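> Mind folding the following:
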Amino acid sequence: MLLRQATMADLPQIESIIRDGRQLLADQNIDQWQGSYPGTSVLVDDIHQGFTVVLEEDNEILGTAAVIPGEDVSYQQIEGQWLTKDAPYLAIHRVAVSSHHHGRGLAGELFQRVFEQIDHAKDIEAIRIDTHPDNKAMQHIIKKNGFTETGMVKLLGMDLDNVKDFAYERLTANTKAEHKVQTEAIQ
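Predicted structure coming up:
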């Protein structure tokens, strides 16, 4: 399996995976992704900005996510507290796995490969993510992959202004190592 940056040629497969995810959520009566979000324009913008990554095997895209640097407007205010206050972070959004490959642990594999790429970046201290309160499967995957629940965030923009999601944060390996050294120096 390979994690790579998406290209516009990948858009049809990415849209298919997003539709699969939308349907899976609908089948579970979860009111997430049931409107126009995430639509083609969001997915195209993610690809053009270099945010979208895909997990690929034998020329088939198995999963996708948007890994976005910089401040996320929805993460500026939280009911709770981030592990890092004003530290540089990446946000992961629009995580989905092909319905043809459910049960293979691909969402976890996708996260682990993203972590490998960014864990040692000196300028990134954390990774943030959010999910719908009813999306128990994603909550489980997020926690299983080392994220800590930090509170609730109100989603802003994208016609989602009245939605509140559970928020999570994970320190990068570089930040964890720095914290360990600082803790040992104090003792």
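
> buried ones in the biggest helix by length in the chain?
Secondary structure of the chain per DSSP state H: the longest helix is helix 11-27. Using 16 or more other C-beta atoms under 10 Å as the burial criterion, the residues of helix 11-27 that qualify are 11, 13, 14, 15, 17, 18, 20, 21, 22, 24, 25. Glycine gets a C-beta too; all of them are placed from N, C-alpha and C.

> What residues does the residue lying closest to residue 163 once chain neighbours are set aside make contact with?
Nearest residue to residue 163 in three dimensions, chain neighbours excluded: residue 155, at 4.4 Å (C-beta to C-beta, 6 or more residues apart in numbering). Applying C-beta atoms under 8 Å, 6 or more residues apart in numbering to residue 155 gives the contacts 74, 130, 161, 163, 164, 165.

> The helix or strand following the longest helix of the chain packs against which elements?
Downstream of helix 11-27, the next assigned helix or strand under DSSP states H and E is helix 40-48. Under the contact criterion of 3 or more C-beta pairs under 8 Å, 6 or more residues apart in numbering; DSSP states H and E, helix 40-48 touches helix 11-27, strand 89-97.

> mind giving me TSV with these and columns for mean pLDDT?
Below are these laid out as TSV (pLDDT from 0 to 100):
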stretch	mean pLDDT
helix 11-27	96
strand 89-97	96
